Structures are given as C-alpha cells and as structure tokens.
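>>> take a look and give me a structure for this.
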Amino acid sequence: MKRTRIKELLQTAAAGQPVLVQGWVRTFRNNQFIAINDGSTIQNVQAVVALNMLDEATLKRITTGACVAVKGSLIPSPAKGQAVEVKAEEVTILGDSDPEKFPLQPKKHSLEFLREIAHLRVRTNTISAVMRVRHAMAFAVHKFFNDR
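Residues are numbered from 1 along each chain as shown. Below you'll find the model as predicted:
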C-alpha cells in the first residue's frame, strides 16, 4: 500500500478508504489516540487505536518523536477539531525515540532553545511553517524565471 500524505488526507472527504500514514508522533493520549505529523502540513492527523490492540511493550515505545506507520481506514471524526481520523488496524514503529533524550515535547519552545538542536527544529510548528513559506517563495521565483 502506498503512503498518503497528511495534507492530502485532511483535504479528502472520502471516508472508509484504506490509508497508510507515516510520520512522527506528536502526542499519545490514553494509550489510544496518536497525533501524527509528517511535515506536509502544520496539522496533525489522529489515529485511533482500539484498546488491547497493541501489547504493553509496543505501547511503551510510542512516545513523542517516535516514527510510526499506521495502516487503517479513514473515517469521519466524531470529535471537534478535525474532520477525519484514521481507525488503526496495524501500527508499526519505524524508529524509537527515547523520551529522556528527545528534547522536543508537546509544549512551546524558545527560538534560542531550538538553535541548540538544529537537526530537530524542523519538526516544530514554527520552523516547519517558515520552511513551507520559504519553499513556496523560492518555487515561485524559480517558476517565474523558468517561464520567461
């Protein structure tokens, strides 16, 4: 199955279709709700894991910053704040993240702090938004000169 970007998922109204979402865990609540972001948009998509679907060892590995792949079906979300969510059928951890060593937690970080962790700062909302704007501007300039 081919991966679907979160930006495309959030623009789709087609419910019930099978999807594969890959990205980094932003938050993991109640051993059931995983907020995943792949960098294609500032918004996250929520994956809902059925209780007792994953064993205890796997649940402990799903931490902020971990890289995951979630296969499931896209369903309309009953909660406010999002139009759709992914009902998980299979969760694969592609890369672990040690919560003791991973400095980005779901809170606001100062730009000074982000300068110290250059390899991770693009995962923050602020820097990723700046990079998307920068890309759009560079692409527009490139397209302008390429067309003329």
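
>>> outside of the host helix or strand of T58, which residues touch it?
Taking DSSP states H and E as the criterion, T58 maps to helix 56-61. Residues outside helix 56-61 that contact it (CB atoms under 8 Å, 6 or more residues apart in numbering) are 31, 91, 93, 96. No exception for glycine: its C-beta is placed from N, CA and C like everyone else's.

>>> on the C-terminal side of it, identify the next helix or strand.
Next element after helix 56-61 (DSSP H and E): strand 67-76.

>>> in its sheet, what does the next helix or strand after that following strand sit against?
Next along the chain after strand 67-76, taking DSSP H and E as the criterion, comes strand 84-95. Partner strands and pairing direction for strand 84-95 (DSSP bridges) are strand 45-48 (parallel), strand 67-76 (antiparallel).

>>> starting at the chain centroid, how far to the shortest one?
What that stands for is strand 45-48. 9 Å (CA atoms, centre = their mean, to the nearest Å).

>>> among the strands paired with strand 84-95, which is nearest V25?
Closest of the strands paired with strand 84-95 to V25 is strand 67-76, at 5.9 Å (criterion: CB to CB).

>>> in that closest one, which residues are buried?
Going by neighbour count (16 or more other CB atoms under 10 Å), the buried part of strand 67-76 is 67-72, 74.

>>> where in this structure is pLDDT low?
13, 103-106 (pLDDT under 70).

>>> using a markdown table, please lay out the strands paired with strand 84-95 together with distance to L120.
Supplementary listing: those in a markdown table, determined by distance: least, CB to CB, whole Å:
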| stretch | distance to L120 |
| --- | --- |
| strand 45-48 | 21 |
| strand 67-76 | 13 |
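
>>> R123: which of the ones you listed is closest?
strand 67-76 (10.8 Å).

>>> not counting the closest one itself, show me its contacts.
1, 3, 9, 12, 14-25, 34, 36, 47, 62, 83-95, 97.

>>> buried subset of these, written for PyMOL?
In PyMOL, this line selects whichever of these come out buried by 16+ other CB under 10 Å:
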select buried, resi 9+19+21+22+23+24+25+34+36+47+62+84+85+86+88+91+93+97
